[in-house]
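Visitor: I'll drop the sequence and a predicted model, then ask my questions.
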Amino acid sequence: LVSLLISTLASRVRAQAEAAGRREERTQTLYRMSREIAASRTEGEVSMVLSRHVADAVLGTAEVFVSGQGGKLVPAVAAGAIDQGEQAVTQWVMDHSQRAGLGTDTLPGANGLYIPLVGAQSSVGVLGVHPAPDLLPLAPDQLDLVLALAHQAASGLERVRRTVNQMPVRGS
């Protein structure tokens, strides 16, 4: 009875230590990303920082789409072609400010998970996430980390846009 009690307590302590380690790793990731975003001066730089951190978190790939001419979404950094079905999903996410695609009830047939990048004032883009197949479905703590990274990046993108819009025009 005593050995059963001790082994149960030991396994609980081990599980709590592992959870604390995951929380520490998440905190470090968020801290590193916030520093990198603060140093970013363009939408492309913010997008590359976000893509890299999300790709590391899901052991897959990630891309950022921002509004182009006429409100059509375009990749923030030069990327491979995206098929029309996936483009439609990204546009839906931008228009509705809701997640869609892989692992959601909305457009679940998409190849990736698409997350709106919503700043304090408006939607600024969409994050496309393609996790490693062996991580599917994403664990709640992984999804929470991706959502936190997306929120940080949305604030950074909004800041960059405000800065660009406030720059004085030369020659005036």
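Guide: Received, thanks.

Visitor: which residues touch Gln87?
Guide: By C-beta atoms under 8 Å, 6 or more residues apart in numbering, the contact set of Gln87 is Leu73. (C-beta placed from N, C-alpha, C; glycine too.)

Visitor: Give me the phi and psi for it.
Guide: phi -60, psi -40 (degrees, to the nearest 10).

Visitor: Check the gap between Tyr31 and Ala38 for me.
Guide: Here Tyr31 is placed at a distance of 11 Å from Ala38 (C-beta to C-beta, to the nearest Å).

Visitor: what does Val74 give?
Guide: Distance from Val74 to Ala38, counting by C-beta to C-beta: 25 Å.

Visitor: So which of those two has more stuff around it?
Guide: Between Val74 and Ala38, counted using other C-beta atoms under 10 Å, the more crowded position is Val74 (14 against 10).

Visitor: Would you mind pulling up the elements that the helix or strand bottoming out on mean pLDDT in the chain packs against?
Guide: Among the secondary structure pieces of the chain, namely its helices and strands, strand 73-75 has the lowest mean (mean pLDDT, DSSP states H and E), a mean of 88. Applying 3 or more C-beta pairs under 8 Å, 6 or more residues apart in numbering; DSSP states H and E, one finds that strand 73-75 makes contact with strand 61-67, helix 84-96.
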